[in-house]
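Participant: Fold the following for me, if possible:
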Amino acid sequence: MTSASTDEFDVIVIGGGPVGENAASYAIAGSDRTAVIVEHELVGGECSYWACMPSKALLRPGQVLDAARNMPGVLELVGDKPLDVPAVLARRDSFTHSLDDSSQVDWAESEGISVVRGHGRISGEKTVDVDGRTLTARHAVVLATGTTASIPGTPGLREALPWTSRDATNMHEVPTRVAVIGGGVVASESATWLLSLGAEVTMLVRGGSLLSNAEPFASELVADALRARGAKIVFHADVTNVSRPDVNDTGIGRIHGGPAELTVGGETITVDEIVVAAGRKPTSGDVGLSAVGLEDGATVEVDDHLQVPGIPWLYAVGDVNGRAQLTHMGKYQGRVAGDVIAARADGTPLDGKRFSATADHGQIPQVVFTALEVASVGQTEKNARDAGIDVEILGVDIAVAGSSLQQDNFSGHAQLVVDRAKDIVVGATFVGPGVAELVHAATVAVVGMVTLDDLWHAVPSYPTVSEVWLRLLESRRT
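Facilitator: Now for the predicted structure:
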């Protein structure tokens, strides 16, 4: 455990995840300024131990096995052999360091960032209380407290001790039968790795599609792929009651007792564990917002400098500000906020795009690592039309030399949303195996407002899946 020897710093960051780490690092880079991170759990935060890293570590073996089963010469070696579950979980643990944050603390110290363990609460102007100790900031306080999982008020659900995303990513044993409540990113990814590890999965989705914020074709392809792998998906599912008489708190990632019964549309579903992935809420209920005139528990609104309006010393970055609940976007905001704090401390004008979080406005990239990956950036067709854009849609199946070489039975689709008046791409979605690596090119095109005429001269290498860009452009001529 690290304890700073002083109570005064230039910058205080409440929340030690990657977002807060970025804000602290950028705020003091190349200077003699000081920064402290206040963290009551693990330095490295949700992403490192309970979200991005462990979830992707659980997903990757299933992706590799799926690719092998679609590759003659490898298929014969793999056959119908299942994954080695203990080995998969052990590799997951290697990425989370078995929930040991000492390496993250070492990194912070190497950057000149102090770490104070405890629960941080704003107690006044530029002051933060940490379990009775008062820290003071010369320049800025940054909130980077993220979000926590929401559990619906369904009768009996809380009493059944369902798994949240933290349990699902840190599971020690694989339930035989699982109900996943939700249809968003966390629900769809959880269903994917649970299926690959041998569980029977039933997804209970309140709405009429998975990934409701994605393009409809992406939602349908992901649902088809999950069904093909054995998932049962119930749309318009209304869970009215949960019963689990033999329940006990066995710890994170462990099965909490005997079977649970869920009443859904008058029918009963019996499972060994329940995963609740029904949204998240800002972790802002006990961070002292009311001490500075803000609402406890609410999303902390900020401007493009990530500053809280009317409170020039207070910043909020990452999920807690509600702008884009994605780790990479939070880290981006942390970089912007850190640069703004540093510039203001130095008396430097906030000139140039570097000091404004413009990518939050219609230029956000995202990858959903489901059985078929969904890689997207910018606006969907619906969002673009709702914004009054004269939309042109270019869509093709991903069927190029590179995709056929990548694996047999490659199945995917790509779509560009084009602003016809400006001749630029304002959105793109790719669905298929391994398409995550396509999204950055699309992000550059969207952020750079590259015209389609110019994209004709961005020649994709052969034979790669990126050749789908040429097929998309050619579809405009036919």
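Participant: which residues touch the helix or strand of the chain with the lowest mean pLDDT?
Facilitator: Lowest on mean pLDDT, DSSP states H and E among the helices and strands of the chain sits helix 75-78, with a mean of 93. With C-beta atoms under 8 Å, 6 or more residues apart in numbering as the contact definition, helix 75-78 has outside contacts at 65, 68-69. Quick note: C-beta positions are derived from backbone N, CA and C, even for glycine.
Participant: Quick check: next helix or strand after that helix?
Facilitator: helix 85-96 (DSSP states H and E).
Participant: Give me the residue at the spatial middle of this structure.
Facilitator: By C-alpha atoms, centre = their mean, the mean C-alpha position of the chain lies nearest to Leu326, the distance being 4.1 Å.
Participant: got the contact list for that one?
Facilitator: 364, 366.
Participant: got it, and Val276?
Facilitator: Applying C-beta under 8 Å, 6+ apart, the residues near Val276 are 149-152, 157, 162-164, 181-182.
Participant: Apart from its chain neighbours, what residue comes closest to it?
Facilitator: Among residues not flanking Val276 along the chain, Pro162 sits closest, at 4.6 Å (C-beta to C-beta, 6 or more residues apart in numbering).
Participant: list the contacts for that neighbour?
Facilitator: 151, 181, 242, 256, 273-276.
Participant: Per-residue pLDDT of it, please?
Facilitator: Pro162 is assigned 97 on the pLDDT scale.
Participant: What segments of the stretch 301-450 of the chain are strands?
Facilitator: 314-316, 365-368, 373-378, 391-397, 413-419, 424-432 (DSSP state E, counting those that start in this stretch).
Participant: among these, which is nearest Arg229?
Facilitator: Of all the strands of the stretch 301-450 of the chain, strand 373-378 sits nearest to Arg229, with 14.1 Å by C-beta to C-beta.
Participant: Show me what the longest strand anywhere in the chain pairs with in its sheet, parallel or antiparallel.
Facilitator: Longest strand of the chain, by residue count under DSSP state E: strand 133-143. Applying DSSP bridges to the sheet, strand 133-143 is found paired with strand 8-14 (parallel), strand 127-130 (antiparallel), strand 314-316 (parallel).
Participant: Can you point out the buried residues in the last one?
Facilitator: Of the residues in strand 314-316, 314-316 count as buried by neighbour count, 16 or more other C-beta atoms under 10 Å.
Participant: try the second one
Facilitator: By neighbour count, with 16+ other C-beta under 10 Å as the criterion, the buried positions of strand 127-130 are 127-130.
Participant: which residues touch it?
Facilitator: 12, 14, 38, 116, 118-123, 134-137, 141, 288.
Participant: Repeat that for the last one.
Facilitator: Outside strand 314-316, the residues within contact range by C-beta under 8 Å, 6+ apart are 23, 122, 140-144, 292, 300-302, 305-308, 337, 340-341.
Participant: Any of those buried? List them.
Facilitator: Buried among the contacts of strand 314-316 by 16+ other C-beta under 10 Å: 23, 122, 140-144, 292, 300, 302, 305-308, 337, 340-341.
Participant: Just read off the phi/psi values of the residue nearest to Ala187 when sequence neighbours are not counted.
Facilitator: Of all residues not flanking Ala187 in the chain, Ala277 sits nearest, at 3.7 Å (C-beta to C-beta, 6+ apart). The phi/psi pair for Ala277 (degrees, to the nearest 10) reads phi -130, psi 60.
Participant: What is the neighbour count of Ala277?
Facilitator: Close neighbours of Ala277, defined as other C-beta atoms under 10 Å, add up to 25.
Participant: And the pLDDT at it?
Facilitator: With respect to pLDDT, Ala277 has a value of 97.
Participant: Quick one: residues in contact with stretch 448-458.
Facilitator: By C-beta under 8 Å, 6+ apart, stretch 448-458 touches 418, 422-425, 441, 444-445, 469, 473, 476.
Participant: Output the residues you listed in a markdown table, with neighbour count, distance to Val374 and pLDDT appended to each entry.
Facilitator: A markdown table is the format used below for those (neighbours: other C-beta atoms under 10 Å; distance: C-beta to C-beta, whole Å; pLDDT from 0 to 100):
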| residue | neighbour count | distance to Val374 | pLDDT |
| --- | --- | --- | --- |
| Val418 | 23 | 20 | 98 |
| Lys422 | 13 | 26 | 97 |
| Asp423 | 15 | 26 | 97 |
| Ile424 | 18 | 22 | 98 |
| Val425 | 25 | 17 | 98 |
| Ala441 | 18 | 16 | 97 |
| Val444 | 14 | 19 | 98 |
| Ala445 | 23 | 18 | 98 |
| Trp469 | 24 | 17 | 97 |
| Leu473 | 18 | 22 | 96 |
| Arg476 | 11 | 23 | 86 |
